[in-house]
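> Give me a 3D structure for the following:
(one chain, ligands or ions: 2)
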Amino acid sequence: MGEAVAETVGERFRELYGAEPEGVWAAPGRVNLIGEHTDYNDGFVMPFALPHTAVAAVSRRDDGILRLHSADIGAGPVELRVADLAPGSDKAWTAYPSGVVWALREAGHELTGADVHLASTVPSGAGLSSSAALEVVVALALNDLYSLGLCGRQLARLCQRAENVYVGAPVGIMDQTASACCEAGHALFLDTRDLSQRQIPFDLAAEGMRLLVVDTRVKHSHSEGEYGKRRAGCEKGAALLGVDALRDVPYADLDAALERLGDEEEIRRLVRHIVTENERVERVVSLLESGDTRAIGPVLVEGHASLRDDFRISCPELDLVVDTALAAGALGARMTGGGFGGSAIVLVEAADVEPVTEAVRDAFAAAAFKTPRTFEAVPSAGARRVG
Ligand code: ADP
Ligand code: MG
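Ligands and ions are numbered 1, 2, ... in the order given. This is a model prediction of the structure:
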């Protein structure tokens, strides 16, 4: 995030609100390297931050008014009273930043208003967590301006609460933690049970590799209902196995657990995905820590097969990215994010970026799918002040 962006956002703030912002902050979107749908099972995830960020210029107000504007929405600022903010009352984009103000106040922090102007380069609805970037950038700005003294983990929790309760989306803790806590050149190994975390060196460029993100530009309308079903199925699986969460089923006990589930075929599939996925995260961590980065490729591919065949949340476009990239020489590939569309990640040797990108584009054209959007994902910094 260059200073130039901070300056543009600051200038627009001046035009809108007639004064300098007190500061400018940035928070990134994220890609999950491995650990899919494990976060609501108390399991492991491993996201890293994108160079794409939501940027916010913010000033405090002392009259109880919250004014919100997004460069990407194209209407005038929305004006709200902080005392009137109530969960479920807002179905527009403003629910994300308002929800953060609401969650901070609910947690006992005295906020007397703010002027906010936002602009984001995180693609919206592509599974790259534009929503968490929006929440975290506002939370960090208010944390600094109002001297709340909250750490990244605490801000992430409050942002998750904003999205769960205020916006009404039952998301886990991964996205907000990634946006708040990631470090450049690292992936974040996060235990979603106790939020303990470890920064794992993940500097692909130094090792002659690249990680591509392929946004299929597909957003299935039924994804929320399907997410709810998977979540409920995982909870049922945990209950049938007598554990608090599927995280508590050790990989070594998987066969016995599946046997105990008898003819609950659907639940067996969900359990198998979660238990093997947690093991894959641990395997990727140990491969990266021992410097065997190329060897994570096949683990990503196993993860994709599990999401496609057991968890059943892939779609033809995501499968086509993975199959085509692997056939064109990629080291590994898998869908990432919630599923039914969104993005896939592809690990390639630096020299293979062009041929793999072209192969995917050609395959999409041949299948008459929308032209996918491909970009390189460099593990980048988490939320920070930029101006
Ligand atoms: P994802 O987080 O995967 O991008 P979500 O559906 O969780 O998808 O969040 C997307 C929503 O976040 C958008 O519909 C919009 O309400 C809000 N949003 C994202 N980026 C912006 C932006 N730049 N300006 C205003 N709202 C945004
Ligand atoms: Mg989101």
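
> Quick check: phi and psi at Arg198.
Note on Arg198: its backbone torsions stand at phi -140, psi 130 [degrees, to the nearest 10].

> Spell out which parts of the chain neighbour ligand 1.
By the rule Cβ under 6 Å from any ligand atom, the part of the chain lying against ligand 1 is 70, 72-73, 93, 96, 118, 120, 124-131, 134. To be clear about C-beta, it is placed using only N, CA and C from the backbone, and glycine gets the same treatment.

> Can you tell me which of those lies closest to Tyr227?
For these, the residue nearest Tyr227 by Cβ to Cβ is Gly127; the value is 11.9 Å.

> Check which helices and strands the one helix or strand Leu140 maps to sits against.
Element membership of Leu140 [criterion: DSSP states H and E] is helix 130-145. Judged by 3 or more Cβ pairs under 8 Å, 6 or more residues apart in numbering; DSSP states H and E, the packing partners of helix 130-145 are strand 23-32, strand 47-60, helix 95-106, strand 113-120, helix 152-161, helix 174-181, strand 384-385.

> Let's have the ones you listed in CSV, adding mean pLDDT and mean neighbour count.
CSV is the format used below for the helices and strands packed on helix 130-145 (pLDDT from 0 to 100; neighbours: other Cβ atoms under 10 Å):
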stretch, mean pLDDT, mean neighbour count
strand 23-32, 98, 29
strand 47-60, 98, 25
helix 95-106, 98, 25
strand 113-120, 98, 23
helix 152-161, 97, 23
helix 174-181, 97, 29
strand 384-385, 98, 13
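
> and Glu79, which of the ones you listed is closest to it?
Judged by Cβ to Cβ, the one of the helices and strands packed on helix 130-145 that comes nearest to Glu79 is strand 113-120, at 9.8 Å.

> Which secondary structure elements does that closest one sit against?
Under the contact criterion of 3+ Cβ pairs under 8 Å, 6+ apart, strand 113-120 touches helix 3-17, strand 47-60, strand 65-70, helix 95-106, helix 130-145.

> to the chain's geometric centre, what's the distance from that strand?
On the basis of Cα atoms, centre = their mean, to the nearest Å, strand 113-120 is displaced by 21 Å from the centre of the chain it belongs to.

> With stretch 380-387 instead?
That offset, for stretch 380-387, works out to 16 Å (Cα atoms, centre = their mean).

> In it, which residues are buried?
Counting neighbours by 16 or more other Cβ atoms under 10 Å, one finds that the buried residues in stretch 380-387 are 380-383, 386-387.

> Ala57: which of the residues you listed is nearest?
Closest approach to Ala57 among those (Cβ to Cβ): Gly387, at 7.6 Å.

> Helices along the stretch 251-387 of the chain, start to end?
254-260, 265-289, 296-309, 316-327, 353-366 (DSSP state H, counting those that start in this stretch).

> angle of the longest one against strand 23-32?
So the one you mean is helix 265-289. Going by axes from the mean of the first three to the mean of the last three Cα atoms, to 10 degrees, helix 265-289 is angled at 110 degrees with respect to strand 23-32.

> how about low-confidence regions in this structure?
Along the chain, the parts satisfying pLDDT under 70 run over 1-3, 220-223.

> Generate CSV for the helices and strands packed on strand 113-120, with distance to Thr357 as supplementary columns.
Output for the helices and strands packed on strand 113-120, formatted as CSV (distance: least, Cβ to Cβ, whole Å):
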stretch, distance to Thr357
helix 3-17, 26
strand 47-60, 18
strand 65-70, 31
helix 95-106, 32
helix 130-145, 23
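
> Out of these, flag the one nearest Ala325.
Nearest to Ala325, of all those, is strand 47-60, at 18.9 Å by Cβ to Cβ.

> Check which helices and strands the closest one sits against.
Packing contacts for strand 47-60, counted by 3+ Cβ pairs under 8 Å, 6+ apart, involve helix 3-17, strand 23-32, strand 113-120, helix 130-145, helix 174-181, strand 186-191.

> Let me have those in TSV, adding distance to Arg231 as columns.
Below are those laid out as TSV (distance: least, Cβ to Cβ, whole Å):
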stretch	distance to Arg231
helix 3-17	36
strand 23-32	17
strand 113-120	27
helix 130-145	18
helix 174-181	14
strand 186-191	19
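
> Which of those sits closest to Gly64?
Proximity to Gly64 (Cβ to Cβ) singles out strand 113-120 among those, at 5.3 Å.

> what lines up beside the closest one in the sheet?
strand 47-60 (antiparallel), strand 65-70 (parallel) (DSSP bridges).

> Mind putting these into JSON lines with distance to Ile345?
Output for the strands paired with strand 113-120, formatted as JSON lines (distance: least, Cβ to Cβ, whole Å):
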{"stretch": "strand 47-60", "distance to Ile345": "10"}
{"stretch": "strand 65-70", "distance to Ile345": "27"}
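
> just checking, Val356 touches Ala325?
Yes - between Val356 and Ala325 there is a contact at 5.3 Å, judged by Cβ atoms under 8 Å.

> picking up where we left off before, any chance of the helices and strands packed on helix 130-145 in JSON lines, plus distance to Val167?
Shown next, in JSON lines, are the helices and strands packed on helix 130-145 (distance: least, Cβ to Cβ, whole Å):
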{"stretch": "strand 23-32", "distance to Val167": "16"}
{"stretch": "strand 47-60", "distance to Val167": "15"}
{"stretch": "helix 95-106", "distance to Val167": "5"}
{"stretch": "strand 113-120", "distance to Val167": "16"}
{"stretch": "helix 152-161", "distance to Val167": "10"}
{"stretch": "helix 174-181", "distance to Val167": "12"}
{"stretch": "strand 384-385", "distance to Val167": "24"}
